[in-house]
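can you look at this prediction? I've put the sequence above it.
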Amino acid sequence: MKFEVVKEILSGVPYMAEDEGWELYNFICNEKPSSILELGHAHGASTMYMAAALDEIGSGVIETVDLSAAQERDPNLEKLTLDSGLNEFINIFREKNSYTWFLKKKIENCTSGHICEPIYDFCFIDGPKNWTIDGLAFFLVNKLLKNKAWILFDDYLWTHGKHDGRESTDGITVRSLGNEELEEPHIKLIFELLVMQSGEFSNFKIQDNWWAWAQKSKSGSKEVEHTGKMMTKN
């Protein structure tokens, strides 16, 4: 499916800007991941951009996970998937509290002889932006990522304190957080203190101070590249 077609399907659907959708679409078309994990999809715009790219290259599947409550969104991903005809590329999973329980089950299913066999080529994390949940999610996802796979975090500098009008964010109750937890960007902390220090990732890239990329490779660059969106429409 061409980008212009999926863009039209998603007209008015939050929460992914056109340039972000274009970036994801091009990444999938260029890298051709056969197995994608998405943690958090809200209405499903990001899922649709990736599925359209898989349709364009002719193969691949997305396993996308969100809260059961997110199914009440209008539109929800189930509707977008059916209306677009991209259902063969999308498998939707829902959990009551967080996607970490899905990851627990996936690791169990992929484990033999106390060894977890990695299965994913790309993971996009766009969830509650929480040190506890997303920090654990990174540890669990790492077990499931193949060598040379990419991981992408959304909301690099997002803070709960700057969104104090919200009572909760994807299951995280704001009033339960301390002042430091409200003011510090959790995804940035996870990226700098966990991803970059793990020793298993390299080729770090921060796009527009909002997206954070890393590749599961010990041999790549350990420097951080700061850039804007690299792929633009002709």
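Nice, thanks for sending it over. Since we're looking at a predicted model, the values are computed, not measured.

buried sites along stretch 121-138?
Neighbour-count burial for stretch 121-138 flags 121-131, 133-138 (criterion: 16 or more other C-beta atoms under 10 Å). Heads up, the C-betas are built off the backbone N, CA and C, glycines and all.

that one: end-to-end distance?
End-to-end span of stretch 121-138 (C-alpha to C-alpha, to the nearest Å): 14 Å.

same check on stretch 53-71?
End-to-end distance for stretch 53-71, by C-alpha to C-alpha: 24 Å.

and if you look at stretch 57-74?
First-to-last residue span, stretch 57-74, C-alpha to C-alpha: 29 Å.

tell me which residues in that stretch are buried?
In terms of neighbour count (16+ other C-beta under 10 Å), stretch 57-74 has its buried residues at Gly60, Ile62, Glu63, Thr64, Val65, Asp66, Leu67, Ala70, Arg73.

could you export the residues you listed to CSV, including columns for distance to Tyr15?
Shown next, in CSV, are the buried residues of stretch 57-74 (distance: C-beta to C-beta, whole Å):
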residue, distance to Tyr15
Gly60, 23
Ile62, 17
Glu63, 20
Thr64, 14
Val65, 17
Asp66, 12
Leu67, 15
Ala70, 12
Arg73, 10
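
looking at this protein, which helix or strand does the model trust least?
strand 168-169 (a mean of 61; mean pLDDT, DSSP states H and E).

assign the residue nearest in space to the middle of the chain to helix, strand or coil.
The chain has Phe124 as the residue nearest its centroid, 2.1 Å off, counting by C-alpha atoms, centre = their mean. What DSSP: H, G, I helix; E, B strand; the rest coil gives for Phe124 is strand.

which residues touch it?
Going by C-beta atoms under 8 Å, 6 or more residues apart in numbering, Phe124 touches Leu24, Ile36, Leu37, Glu38, Leu39, Ser46, Met50, Ile151, Leu152, Asp154.
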